[in-house]
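In: Turn this into a structure:
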Amino acid sequence: MKRIIAIALMMIMLLGCGALAEGTLNVTGSGTVYVAADRVSASLGISISGEDLAELQNQANERMSAICQALLDAGLEGSNISTNYLYISPRYDYSGEMEKITGYSISNSLTILTDDIDSIGSYIDAAFAAGANTFDSINFTTKDDSAAQRKALELAVADAQGKAEVIAAASGRSLGDILTISQGEEDDYSYYNSTAGSGMLYKEAAAMDGAATTVRAAQIKVSAQVQISYALN
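Out: Numbering: from 1, shown residues only. So this is what the prediction gives:
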């Protein structure tokens, strides 16, 4: 009986050691690359209010036409001008027993796109000189990020490897073969720039005061993520 118990205990110990030897380590690595922006878009337009909707629409159409023409005259291609949004909303008077429409508001915004970042400031100035009175955003991008994506992935793999080596060494083990490796979801690539994130447009003064708008190109951040599972020795 004692011999059977001893053999059973030995088998349990051997199985336990085998389970430990076949352990795995799962790590996540990330990589980030910054590249210079080579394309910029800006959204701007008009916001006006009035009592007569038909008259207000005519005013809006005239001002938007003038803005588009000013952008064309400034050198922007027509294909790089597109509608961003158009809102027509009533204004109400709630002072009486029943609400009453007292007028309307129209907001119309265009998006302008150019690869000539140095010229975006002059396009903005031309639009405001022609009647624009709203500015929504400015966004810097890059036309081709494939090389940056590949580099970000390389850095992500190296980051995962480094983490795994540290963890394995700290636990008294060593890394074995890679068991599985997977790339993060597509949206793990993220694009940011140093100015648009805070919504800042660098302006020395308002265009209507005669000063030119100054826009500084941003750096685009391309990020990637990988998950790697290692065998532990």
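In: use CA for all of it now, contacts and neighbours both
Out: OK.
In: tell me the contacts of N80?
Out: In this structure, N80 makes contact with T111, I112, L113, T114, judged by C-alpha atoms under 8 Å, 6 or more residues apart in numbering.
In: what do you get for S89?
Out: Counting by C-alpha under 8 Å, 6+ apart, S89 has contacts Y104, S105, I106.
In: now do 6 Å
Out: Remark: with contacts taken as C-alpha atoms under 6 Å, 6 or more residues apart in numbering, S89 is in contact with Y104, S105.
In: same question, P90
Out: G103, Y104.
In: host element of it?
Out: Using DSSP states H and E, P90 falls within strand 81-93.
In: Next secondary structure element downstream of that strand?
Out: Proceeding N to C from strand 81-93, the next assigned helix or strand is strand 100-114, under DSSP H and E.
In: in the strand holding P90, what counts as buried?
Out: Neighbour-count burial for strand 81-93 flags I81, I88, R91 (criterion: 16 or more other C-alpha atoms under 10 Å).
In: Now do it and strand 100-114, the angle between them.
Out: Angle between the axes of strand 81-93 and strand 100-114 is 160 degrees (criterion: axes from the mean of the first three to the mean of the last three C-alpha atoms, to 10 degrees).
In: And the strands in this protein?
Out: For the chain, applying DSSP state E gives strands covering 24-36, 39-50, 81-93, 100-114, 134-141, 175-183, 219-232.
In: Can you add distance to A164 and mean pLDDT and give those strands back as a markdown table?
Out: Compiled in a markdown table, the strands of the chain are given as follows (distance: least, C-alpha to C-alpha, whole Å; pLDDT from 0 to 100):
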| stretch | distance to A164 | mean pLDDT |
| --- | --- | --- |
| strand 24-36 | 6 | 94 |
| strand 39-50 | 38 | 95 |
| strand 81-93 | 47 | 94 |
| strand 100-114 | 44 | 95 |
| strand 134-141 | 34 | 92 |
| strand 175-183 | 7 | 94 |
| strand 219-232 | 8 | 93 |
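In: Quick check, G23 in contact with Y230.
Out: No: the pair formed by G23 and Y230 falls short of the contact definition of C-alpha atoms under 6 Å, at 8.7 Å.
In: out of the two, which sits in the busier spot?
Out: Set side by side, G23 and Y230 show more neighbours around Y230, with 22 against 13, by other C-alpha atoms under 10 Å.
In: what residues are up against that one?
Out: Under the contact definition (C-alpha under 6 Å, 6+ apart), the residues listed for Y230 are T24, L25, D177, I178, L179.
In: closest to E154 out of the strands of the chain?
Out: Counting by C-alpha to C-alpha, E154 lies closest to strand 24-36 out of those; the figure is 7.4 Å.
In: Adjacent strands (with direction) for the closest one?
Out: According to DSSP bridges, strand 24-36 forms sheet pairs with strand 219-232 (antiparallel).
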